[in-house]
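Peer 1: predicted model and sequence follow; I will ask about them next.
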Amino acid sequence: MATPSHRRDTASGVPGGSRGRLRRRLPMRLLLPLLLLVALVAMLMLRGYVHSEILADHRVGPPAASDQVPKDILKGGPVIDSRNGQPHSLELPDHELVLTFDDGPDPKWTPKVLDVLKKRDARAVFFVTGTMASRYPDLVQRMVDEGHEIGLHTFNHPDLSLQSRSRVDWELAQNQLALAGAAGIRTSLFRPPYSSFANNMDNRSWPVTEYIGSKGYISIVNNADSEDWRRPGVRQIIRNATPKGGKGAIVLMHDSGGDRSQTVAALDRYVTGLQAKGYRFHTLTAALDAPSAHTPVAGLEAVKGEAWVFLVQASEKTTGVLVTGLAVVGVLVFGRLGLMLILSVAHARRVRRRGFGRGATVTEPVSVLVPAYNEAKCIEQTVRSLVASDHPIEVLVIDDGSTDGTARIVENLALPGVRVVRQLNAGKPAALNRGIANARYDLIVMMDGDTVFEPTTVRELVQPFGDPRVGAVAGNAKVGNRDSLIGAWQHIEYVMGFNLDRRMYDVLRCMPTIPGAVGAFRRTALERVGGMSDDTLAEDTDITMALHRDGWHVVYAEKAIAWTEAPESVQQLWSQRYRWSYGTMQAIWKHRRSLVERGPSGRFGRVGLPLVSMFMVVAPLLAPLIDVFLLYGLVFGPTEKTIGAWLGVLAVQGVCAAYAFHLDKERMTHLISLPLQQLLYRQLMYVVLLQSWITALTGGRLRWQKLRRTGAVGLPGAGAPANRPQTDGRPVG
């Protein structure tokens, strides 16, 4: 049947071509999740880039001959200037020391190094990598503000002798970009990664030094190596870094790349001791009495640098949020699985022990309500399964304005105890309320028009009403069409995610939902809460929460089995879960006042609502982070640990699923598809939930979306659906 919105489009007079263009436009509910996904991937890629996980090259070249290196360079000082094509080197004056620190800035060790230098009024040169400068720009700015000099140490710290000229250019440019964004300067100082003394220059590194000189850089090596990276002890670091005979030197230390506690401890004693001997600690250009190596940047170069640092900071914060989200979802997932296992074991032991019962045996007749809208393919199986019930019942099929002859099919069956109530199309809640008004008995069972009951279902479903405190009972809904892959995934979800959940919620006395496929209610309870409401799209969740707040017990009957037809296409599944997710959010919001109320309402609000919110809204929304970090770890490492962690999570889920299947006496063969379900099905559910969030936050309204039925679920014990009379599809008056 065409919805009112379809009729309005037809009558609007909009040309067909214009309507086609409107339909081809990507809906905002899909565009926003897509843009969010693209932004998330971009942030993760940027994070991997600045953490040297993407495009980094950690190879180190072997030693090579040095016959092509000028002898003046090999025997010269640690400052190599090849900018004018005539390479030469410089020594530092006596008693002039230039402290240099490589690989930073580091958020832990660099501030401690700077504190020592500030206390001792000493200056140094920090050769920063672009990755660290991008991540910690405030430390670079502090270096400049406190009078230190900055040099480049490449972006990703590769061995440049193994790189192409384009890669060398890229490393320098990215390093300068980070420096421009962090401190608003450029520098002409450069130190190659893995460099040492000038006499260790070889035929591989020398051409790189010449090329970098042609780009306007002065290359700085060292002639006093503290070897602090070896962590040889404070005394040995000081001994290694002390020049002989009062000579000047460029001293190599590190403020990043590992535990630098020995470096910090040695630095104070080192500077204090050598200052007492007449040594001066200057920047390189001050020691050589040369112009500053720093050049301020402005204009587009400054804007690009600031934008770069901003994006890197955003990626760091985004990753931090994602890691926090991963921790949250880990706690929620494992907490839920743990609760499910522990409480479902307790539930099974309680309800299966000999003599268990909730009161006197219930034998009174029951009214079964079947709201039906265009259920011609399913309605006969549904009604025939009810007539075969071993409990006294009446069946009311409430035809909600069907246009496919649903009511006529039921009437033509002429089954005893089956009545048809017709109404104009008004929606499922209105149909159920119409059925309640026409029901003869005080116990009312509700089911969907695509569901079939086993002969014992109604009897098992109403037995808990022997306890006068029970206002509603949830049955055990199972997927009838489980032969397809998507059906098997939903079968796992129903058995593990729904029915195992219901056992847990039964023990906690906060069952959030009576499934529309199989549920029973006490008429008194329904009347006290005002019947079925159309305030939300999840009327089953809404009525269940209302009953809790009114003080009624809501329990689970595991033996009350109903076979329902699950969606058989991704589009149909999307429509169904979108409605469920959005409706659940509406119900939570509608009953939010229970959080601050007293009595049964307050108990549900402070126990049930948080659990439903965490397990049914927050956890599914964050669950894809497990797969995001799985993919990231597989691509960028550590691969083995990533796979191990994911398999561990899968194993825990597998144990819970196997136990759920054991309780429901289901074949374990369907669990073969569990890993694939976790990889693919969860992503679909995530997008659906995200779309629901967007709809809720933007104030959108969601129409009821009727699923197309196939009649694939047959009568209990039958191999195929029963034959149905042919209908002409015309409305039934």
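Peer 2: Happy to help now that I have it.

Peer 1: relative to Asn240, how far out is the closest residue to Val234 other than its chain neighbours?
Peer 2: Leaving aside its sequence neighbours, Val234 sits nearest to Ala266 (C-beta to C-beta, 6 or more residues apart in numbering; 4.4 Å). (Each C-beta comes from the backbone N, C-alpha and C, glycine too.) Distance of Ala266 to Asn240, computed by C-beta to C-beta, to the nearest Å: 9 Å.

Peer 1: residue at max distance from the center of this structure?
Peer 2: Farthest-out residue of the chain from its mean C-alpha position, per C-alpha atoms, centre = their mean: Gly245, at 61.7 Å.

Peer 1: for Leu526, give me its contacts.
Peer 2: Residues near Leu526 by C-beta atoms under 8 Å, 6 or more residues apart in numbering: 436, 444, 532, 543.

Peer 1: ok, Ala658 next?
Peer 2: Per C-beta under 8 Å, 6+ apart, neighbours of Ala658: 668, 671.

Peer 1: picking that back up, and what about the residue farthest from the centre of the chain, helix, strand or coil?
Peer 2: Under the three-state scheme (DSSP: H, G, I helix; E, B strand; the rest coil), Gly245 adopts coil.

Peer 1: just Phe101 next, same as before
Peer 2: Assignment for Phe101 (three-state DSSP): strand.

Peer 1: re earlier: out of the contacts of Leu526, who's the most crowded?
Peer 2: With neighbours taken as other C-beta atoms under 10 Å, the top of the contacts of Leu526 is Ile543, carrying 29 neighbours.

Peer 1: any idea how far that one lies from Leu432?
Peer 2: Taking C-beta to C-beta, one finds Ile543 at 9 Å from Leu432.

Peer 1: now do the helices in the stretch 251-400 of the chain.
Peer 2: 261-276, 284-287, 299-352, 379-387 (DSSP state H, counting those that start in this stretch).

Peer 1: whoops, the stretch 601-733 of the chain was the one
Peer 2: Under DSSP H, counting those that start in this stretch, the stretch 601-733 of the chain gives helices at 609-613, 619-622, 624-636, 639-663, 674-676, 682-697.

Peer 1: the last one: which residues count as buried?
Peer 2: The reference is to helix 682-697. By 16 or more other C-beta atoms under 10 Å, the buried positions in helix 682-697 come out as 682, 685-695.

Peer 1: columns distance to Asn374 and pLDDT on top of the residues you listed, output as CSV?
Peer 2: CSV is the format used below for these (distance: C-beta to C-beta, whole Å; pLDDT from 0 to 100):
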residue, distance to Asn374, pLDDT
Arg682, 31, 73
Met685, 27, 74
Tyr686, 31, 73
Val687, 28, 72
Val688, 24, 75
Leu689, 28, 72
Leu690, 30, 72
Gln691, 25, 71
Ser692, 25, 72
Trp693, 30, 69
Ile694, 29, 70
Thr695, 25, 69
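
Peer 1: redo the helices of the stretch 251-400 of the chain as a markdown table? Include mean pLDDT, mean neighbour count and distance to Gln571.
Peer 2: Putting the helices of the stretch 251-400 of the chain into a markdown table (pLDDT from 0 to 100; neighbours: other C-beta atoms under 10 Å; distance: least, C-beta to C-beta, whole Å) gives the following:
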| stretch | mean pLDDT | mean neighbour count | distance to Gln571 |
| --- | --- | --- | --- |
| helix 261-276 | 96 | 18 | 60 |
| helix 284-287 | 96 | 20 | 67 |
| helix 299-352 | 89 | 16 | 27 |
| helix 379-387 | 94 | 24 | 23 |
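
Peer 1: distance to Asp450 for these - can I get that in JSON lines?
Peer 2: Converted to JSON lines, the helices of the stretch 251-400 of the chain look like this (distance: least, C-beta to C-beta, whole Å):
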{"stretch": "helix 261-276", "distance to Asp450": "68"}
{"stretch": "helix 284-287", "distance to Asp450": "80"}
{"stretch": "helix 299-352", "distance to Asp450": "28"}
{"stretch": "helix 379-387", "distance to Asp450": "7"}
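
Peer 1: which stretch among those comes nearest Val473?
Peer 2: Nearest of those to Val473, taken as C-beta to C-beta: helix 299-352 at 12.4 Å.

Peer 1: now do the closest one against helix 639-663, angle only.
Peer 2: 30 degrees (axes from the mean of the first three to the mean of the last three C-alpha atoms, to 10 degrees).

Peer 1: tell me which other helices or strands helix 299-352 touches.
Peer 2: helix 28-50, helix 130-135, helix 165-183, helix 500-508, helix 619-622, helix 624-636, helix 639-663 (3 or more C-beta pairs under 8 Å, 6 or more residues apart in numbering; DSSP states H and E).

Peer 1: what packs against the shortest one?
Peer 2: Counting contacts by 3+ C-beta pairs under 8 Å, 6+ apart, helix 619-622 is packed against helix 299-352, helix 682-697.

Peer 1: so for that helix, mean pLDDT?
Peer 2: Averaging pLDDT along helix 619-622 gives 77.

Peer 1: now swap in the first one and tell me
Peer 2: pLDDT averaged over helix 28-50 equals 78, rounded to a whole number.

Peer 1: same question, the fourth one
Peer 2: For helix 500-508, mean pLDDT is 90.

Peer 1: the longest one too?
Peer 2: Model confidence over helix 639-663 averages 86 on the pLDDT scale.

Peer 1: quick revisit: mind listing the shared neighbours of Ile543 and Leu432?
Peer 2: By C-beta under 8 Å, 6+ apart, the residues touching both Ile543 and Leu432 are Met532.

Peer 1: which of the helices and strands packed on helix 619-622 sits closest to Gly359?
Peer 2: Of all the helices and strands packed on helix 619-622, helix 299-352 comes closest under C-beta to C-beta, at 13.7 Å.

Peer 1: for that closest one, the distance to its chain's centre please.
Peer 2: 6 Å (C-alpha atoms, centre = their mean, to the nearest Å).

Peer 1: what's the burial count for the closest residue to Arg667 other than its chain neighbours?
Peer 2: Leaving aside its sequence neighbours, Arg667 sits nearest to Phe661 (C-beta to C-beta, 6+ apart; 7.4 Å). Phe661 has 20 neighbours, counted by other C-beta under 10 Å.

Peer 1: tell me the contacts of Phe661?
Peer 2: So Phe661 contacts 495-496, 667-668, 670-671 (C-beta under 8 Å, 6+ apart).

Peer 1: so how far is Tyr217 from the residue nearest to Tyr49 when sequence neighbours are not counted?
Peer 2: When the adjacent residues along the chain are set aside, Tyr49 lies closest to Leu55, with 6.3 Å between them (C-beta to C-beta, 6+ apart). For Leu55, the distance to Tyr217 equals 22 Å [C-beta to C-beta].

Peer 1: for Asn203, same thing?
Peer 2: 20 Å.

Peer 1: so between these two, which is more surrounded?
Peer 2: Neighbour count, other C-beta under 10 Å: between Asn203 and Tyr217, Tyr217 has more, with 23 against 13.

Peer 1: just checking, the more buried one touches Pro192?
Peer 2: No: using C-beta atoms under 8 Å, Tyr217 is not in contact with Pro192; the gap is 10.1 Å.

Peer 1: ok so, going back, measure how buried the residue nearest to Tyr49 is and give me the count.
Peer 2: Residues near Leu55, counting by other C-beta under 10 Å: 13.

Peer 1: do Pro610 as well
Peer 2: 14.

Peer 1: so what's the residue nearest to Val234 up against?
Peer 2: Taking C-beta under 8 Å, 6+ apart, one finds 226, 228, 234-235, 237-238, 241 in contact with Ala266.
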